[in-house]
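Asker: here is a sequence together with a model predicted from it:
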Amino acid sequence: METFSLFPLHELDDPETFDLNPDRVERVHIPPGSPPDQLPTERLKNFQMVFTGYAEKQAVIEATRCIHCPATEPCIIGCPLHNDIPKALFAIEQKKYDEAASIFRLTSNFPEVCGRLCPQEVLCEGSCTVAGYARAVNIGKLEAFCTDWQRNQHGFPTPRLEPATGRRVAVVGSGPASIAVAEELVRRGHAVVVYEEWPKPGGLLHYGIPNFKLDKDIVQAKIDYLESIGVKFICNMRVGRDIQVDDLQKQYEAVFLGIGAPVGHKIKLPGEDLKGVYQATEFLVRGNLPLDDLPESLRGLPEIGKAVAVIGGGDTSIDCVRTARRLQVQHGFADGTVLGYYRGTESEIRAREDDLIHAKEEGIHYEFLATPIRFIGDEQGHVRQIEMQRMRSKPAHQPEQRVPSRMRIPIPGSNFIVPADTVVLAIGYGGDELIPSKTPALKTSKPGIFEVESEMTGVATRGGIYAAGDDVRGADLIVTAIAAGRKAANAIDNYLRLLT
């Protein structure tokens, strides 16, 4: 095989000028092209997805960068769903996009979402051998490309549904784990009814992820597909308030709990209750969704000022700063500031690499090793300033040891004041204690986090009840929730088939 030096990057940025012949080019010498994104100046004017999607030739070139490692391929091991990534990428390389999408769907219930929201840099792409030569193969964006192509051309593939078993299952919540459970069980012939407390189905995917990362039409298309194969959704119904688990067990042979970890942590500082201080979920749903998608109590855009501060260093924090910047532009504060404050260092921030890069491109800055002490309001009870304090690391046992942010301690005398007309608290999520408070037989390991026999089965501490995803692990990844939901669905199916 003849070896070529690296091609000029402009050839991949304009794929129509690039002549790819894998028979004569070593795959590792094909350089990565730039993902097609909206320009920062343009995307701040809208809430449309930043990643605009590969053109076919771009996708083929990127897929051809896969070197097809010997089994078992590192990318498969690195994926919590163990998708057959090399096989799917080879299908894209051969322009068999429908086949590639179907390969991803064999092991994933929502590859359109995983391809956009997974932290691929620490999962499949983080394990990619090509990263030893150049940037890893852009697996996530290829997953999004082929599944979008299939859905847009043909719709979701029609599954083979097993004969009806007469068994009924209640699924509580409609986020990633619940979607996986509902789809797997209805395919196996069971009747599935999903209870959702929000006005529309989708859970985290609809209400927790901004449009610029995941278009709501993608989520709605999945809901429509699930309804077409027999899943029923009942919205504006909160289990534990409007109906109890005891009631569900009288109507159904099994109950799956998949409400996630939806309760934002309180910061417990003076001034937390001032006007203009928001929990992350309220800020995101009011800033990203139309009125009809929201309960009446949350309708209307959040207040947005010229100086916005977001507290926290995870994915939700990044979603909030980027939403705030777009709202500022919308409100005529294009010269405003959005600052994120995190008590750890930049290397410890728990957000996706792509999202942090996009935030910086959009003019957002983070102040690291800083934590709030109090929120200061005006005479009308509205937040106007924050008193911050610098942080440093506790002494580590070894000089090179990475220090988690919780090991930070304040530096005496380092306090400083920053302006803030709007404050968003994005400091993590915990479980909802409502259901366990109404169902004492359901034991919890932490508030609102259910004990289960094993994450392989999701069997809870009351017969016929199952839980998986963030309900069991605490706030975690979408892909791990889908993986856990699939395992729970297998256990529920086995349980139902043993009933007499």
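Answerer: Received it, and whenever you're ready, just let me know what you need.

Asker: contacts and neighbour counts: CA atoms only from here.
Answerer: Fine.

Asker: look up how far V329 lies from the closest residue to R326 other than its chain neighbours.
Answerer: In this structure, R326 finds its nearest non-sequential neighbour in L44, 5.1 Å apart by CA to CA, 6 or more residues apart in numbering. In this view, L44 and V329 are 7 Å apart by CA to CA, to the nearest Å.

Asker: between those two, which has more neighbouring residues?
Answerer: L44 (23 against 16; other CA atoms under 10 Å).

Asker: for the more buried one, what are its contacts?
Answerer: R325, R326, V329, E362 (CA atoms under 8 Å, 6 or more residues apart in numbering).

Asker: repeat that for I229.
Answerer: Contacts of I229 by CA under 8 Å, 6+ apart are V186, R187.

Asker: quickly list the domain ranges of the chain.
Answerer: 9-154, 174-261+430-498, 266-427 (automatic domain parsing).

Asker: can you say which of those is packed in most?
Answerer: domain 174-261+430-498 (a mean of 20; mean count of other CA atoms under 10 Å).

Asker: what's S228 sitting at in phi/psi?
Answerer: phi -70, psi -20 (degrees, to the nearest 10).

Asker: angles on the backbone of V172, please.
Answerer: phi -100, psi 120.

Asker: picking up where we left off before, nearest to R168, of the domains of the chain?
Answerer: Across the domains of the chain, R168 has its closest neighbour in domain 174-261+430-498 (4.7 Å, CA to CA).

Asker: my guess is D476 contacts D470. True?
Answerer: Yes - between D476 and D470 there is a contact under CA atoms under 8 Å: 6.0 Å.

Asker: before we move on, back to that, let me have the domains of the chain in JSON lines, extended by distance to R168 and mean pLDDT.
Answerer: Listed next are those as JSON lines, based on distance: least, CA to CA, whole Å; pLDDT from 0 to 100:
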{"stretch": "domain 9-154", "distance to R168": "21", "mean pLDDT": "89"}
{"stretch": "domain 174-261+430-498", "distance to R168": "5", "mean pLDDT": "97"}
{"stretch": "domain 266-427", "distance to R168": "28", "mean pLDDT": "92"}
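
Asker: any idea which element Q58 lies in?
Answerer: Taking DSSP states H and E as the criterion, Q58 maps to helix 56-64.

Asker: show me what that helix is packed up against.
Answerer: Counting contacts by 3 or more CA pairs under 8 Å, 6 or more residues apart in numbering; DSSP states H and E, helix 56-64 packs against helix 85-93, helix 139-154.

Asker: thought L356 was touching T316?
Answerer: No - if you go by CA under 8 Å, L356 and T316 don't touch, sitting 11.3 Å apart.

Asker: figure out which of the domains of the chain is closest to P163.
Answerer: So among the domains of the chain, domain 174-261+430-498 is nearest, using CA to CA, at 5.2 Å.

Asker: so how far is the first residue of that closest one from its last?
Answerer: 26 Å.

Asker: gap between that domain and the chain center?
Answerer: 16 Å (CA atoms, centre = their mean, to the nearest Å).
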